[in-house]
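*Asks:* build the 3D model from these lines:
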Amino acid sequence: MNIVACIKQTFDTEAKIVIDNGQVSDQGVNLIVNPYDEFAVEEAIRLKEKNGGEVVVVSVGGDKTQEALRYCLAMGADRAVLIQDPALDNTDNIGCATALAKLLAGMEYDLVFCGKEAVDDGAAQVPSMLAEKLDLPQVNVITELEVADNQATATREIDGGSEVIEVQLPVMLSAQKGLNEVRYPSLPGIMKAKRKELKVVSLADLELSADDVAAKTELVAAELPPARKAGQVLTGEVEEVVAQLVKLLQDEAKVI
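*Replies:* A predicted model of the protein is given here:
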């Protein structure tokens, strides 16, 4: 069974966000594998361990992204491919999906995994875009998965419950928290990861141009939300406190 897991390198969820000239600064920020993508990689490795085959981890990014890919190799993935090109530095989700689709078009796979979304932008767009470009059926936000006899049975979250979907392979699946418990790379796994293949390809290698991955959206500016105001303590007799509370709800909170 050949499995592809798509990952993104994101800010640590505990990182302090700093805005510099309307842009999010990455100076001094710890970068990690997107947490939802870790569930995807873990599930891919588990399926390989059960059924045999190969897990290839792919990503779009710069030099630092190699650290995230090596981490996935240490978890148990077999090899990695990084799409790196200056034209991708300022692309958006559709540009990333275009590059990934071109890469995957030249690969053999039974399953393609993604995380349901990236924690840095929360867009949840790449899995669906990639599935569309590869003409694959897709099941998003999955929390359970069984694969047998060239068929995947996936349980996914829906409003107020869950649904079970059966689909023939190949298929695109996006992982949600609860799908599995992600392993920590072992020391032997970390040592082996140093010797595993990590291939870097450019847009030219994929026969794509800068125009093919040009962003369709533009981030004009980013700003932090306003600081939360301190709470107020109302004192006095019950009637006085009620009157103060009603006035605050009308004049400041504007909820009544």
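
*Asks:* can you tell me how far residue 90 sits from residue 204?
*Replies:* Using Cβ to Cβ, to the nearest Å, one gets 18 Å for the distance from residue 90 to residue 204. Every residue, glycine included, has its C-beta placed from N, CA and C.

*Asks:* cool, residue 190 as well?
*Replies:* Residue 190 is 33 Å from residue 204, by Cβ to Cβ.

*Asks:* between the two, who's got more neighbours?
*Replies:* Neighbour count, other Cβ atoms under 10 Å: between residue 190 and residue 204, residue 190 has more, with 14 against 10.

*Asks:* residue contacts, the closest residue to the more buried one other than its chain neighbours?
*Replies:* Nearest residue to residue 190 in three dimensions, chain neighbours excluded: residue 74, at 4.5 Å (Cβ to Cβ, 6 or more residues apart in numbering). By Cβ atoms under 8 Å, 6 or more residues apart in numbering, residue 74 lies in contact with 185, 186, 189, 190, 192, 193.

*Asks:* tell me the contacts of the last one?
*Replies:* Okay, so that is residue 193. By Cβ under 8 Å, 6+ apart, the contact list for residue 193 reads 70, 71, 73, 74, 185.

*Asks:* need phi/psi at it.
*Replies:* Residue 193 adopts backbone torsions of phi -60, psi -30, taken as degrees, to the nearest 10.

*Asks:* and what of the fifth one?
*Replies:* The phi and psi values for residue 192, taken as degrees, to the nearest 10, are phi -70, psi -30.

*Asks:* relative to residue 4, how far out is it?
*Replies:* Per Cβ to Cβ, residue 192 is found 20 Å from residue 4.

*Asks:* how many neighbouring residues does residue 228 have?
*Replies:* Neighbour count of residue 228, defined by other Cβ under 10 Å: 6.

*Asks:* which SS state does it fall under?
*Replies:* Classification of residue 228 using DSSP: H, G, I helix; E, B strand; the rest coil returns coil.

*Asks:* not counting sequence-adjacent ones, nearest residue to residue 199?
*Replies:* residue 81 (4.9 Å).

*Asks:* identify the bridge partners of that neighbour.
*Replies:* Per DSSP bridges, the residues bridged to residue 81 are residue 58, residue 199.

*Asks:* quick check, it in contact with residue 206.
*Replies:* No. If you go by Cβ atoms under 8 Å, residue 81 and residue 206 don't touch, sitting 10.4 Å apart.

*Asks:* what's the overlap in contacts for those two?
*Replies:* Residues touching both residue 81 and residue 206 (Cβ under 8 Å, 6+ apart): residue 103.

*Asks:* and the helices in this protein?
*Replies:* 35-51, 65-75, 93-105, 126-134, 187-193, 238-251 (DSSP state H).

*Asks:* Throw the contacts of residue 74 into a markdown table and include distance to residue 64 and pLDDT, thanks.
*Replies:* Compiled in a markdown table, the contacts of residue 74 are given as follows (distance: Cβ to Cβ, whole Å; pLDDT from 0 to 100):
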| residue | distance to residue 64 | pLDDT |
| --- | --- | --- |
| 185 | 18 | 95 |
| 186 | 23 | 94 |
| 189 | 21 | 95 |
| 190 | 18 | 96 |
| 192 | 21 | 95 |
| 193 | 16 | 95 |
